[in-house]
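Enquirer: quick one: sequence plus predicted model below, questions after.
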Amino acid sequence: MSTDAIVLLKNDHKEIRKLFRDFRGAGPNARVEKGRIVDEIIEALTVHTYIENEGMYPEVRDLAPDLEDDILESYEEHHVADVLVVELAAMKPDDERFDAKTTVLIESVEHHIEEEEQEWFPKVREELGRKQLREMGARMLELRDKAPRSPAQPSTLKKTVDAVIK
């Protein structure tokens, strides 16, 4: 398995996109199934944003300061996703706004993934060498092991805000 940080994140993106497709394909009356899928989405996004916020973004910020604006925008996009995840985690699948809130989360995250993969990752790859990306990826794998799995665990929201203020 590659430890390249960008490869790791793109693999996460594939898993997250699959969960989004599963949610969309579940149908309007599949409440139990949608609830299970949203639980998986929440876990996948919580882990993913944690390793980006705690691993990749701070390191890229130090190593490639000219990418600062992109990183700050990504922190804000994560913040929006985190708020929606916290709200969804407190909802039941039969709540009136459950599907709508999940759809907004999906659309927001799809936009973020598209920007990262099409615009930001190529810039990062250009700025950093293979060795740096592999070392960063190895640290991100370590972070994944201790990452929170739900918003009920230590909040990524505070960490995101603290990182932006730094």
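Expert: In hand now; what should we look at? Numbering: from 1, shown residues only.
Enquirer: isn't residue 16 up against residue 109?
Expert: Yes. At 6.7 Å, residue 16 counts as touching residue 109 under the criterion of Cβ atoms under 8 Å. The way it works is simple: take the backbone N, C-alpha and C, and place the C-beta from them, glycine included.
Enquirer: give me phi/psi at the nearest residue to residue 64 once chain neighbours are set aside?
Expert: Nearest residue to residue 64 in three dimensions, chain neighbours excluded: residue 127, at 4.0 Å (Cβ to Cβ, 6 or more residues apart in numbering). When read as degrees, to the nearest 10, the backbone of residue 127 gives phi -80, psi -40.
Enquirer: same thing with residue 26?
Expert: Torsion angles, degrees, to the nearest 10, at residue 26: phi -70, psi -20.
Enquirer: helices and strands of the chain: which one bottoms out on pLDDT?
Expert: In the chain, the helix or strand scored least confidently by mean pLDDT, DSSP states H and E is helix 156-165, which has a mean of 47.
Enquirer: which residues of this structure score low on pLDDT?
Expert: The model of the chain has pLDDT under 70 over residues 1, 152-166.
Enquirer: state the distance from the residue of it most remote from its centre to residue 137.
Expert: In the chain, the residue that sits farthest from the middle, by Cα atoms, centre = their mean, is residue 29; the gap is 27.6 Å. With distances taken as Cβ to Cβ, to the nearest Å, residue 29 is found 41 Å from residue 137.
Enquirer: tell me which element the closest residue to residue 43 other than its chain neighbours falls in.
Expert: Excluding its sequence neighbours, the residue lying closest to residue 43 (Cβ to Cβ, 6+ apart) is residue 149, at 5.0 Å. Using DSSP states H and E, residue 149 sits in no helix or strand.
Enquirer: tell me the contacts of residue 149?
Expert: By Cβ atoms under 8 Å, 6 or more residues apart in numbering, the residues touching residue 149 are 43, 46, 47.
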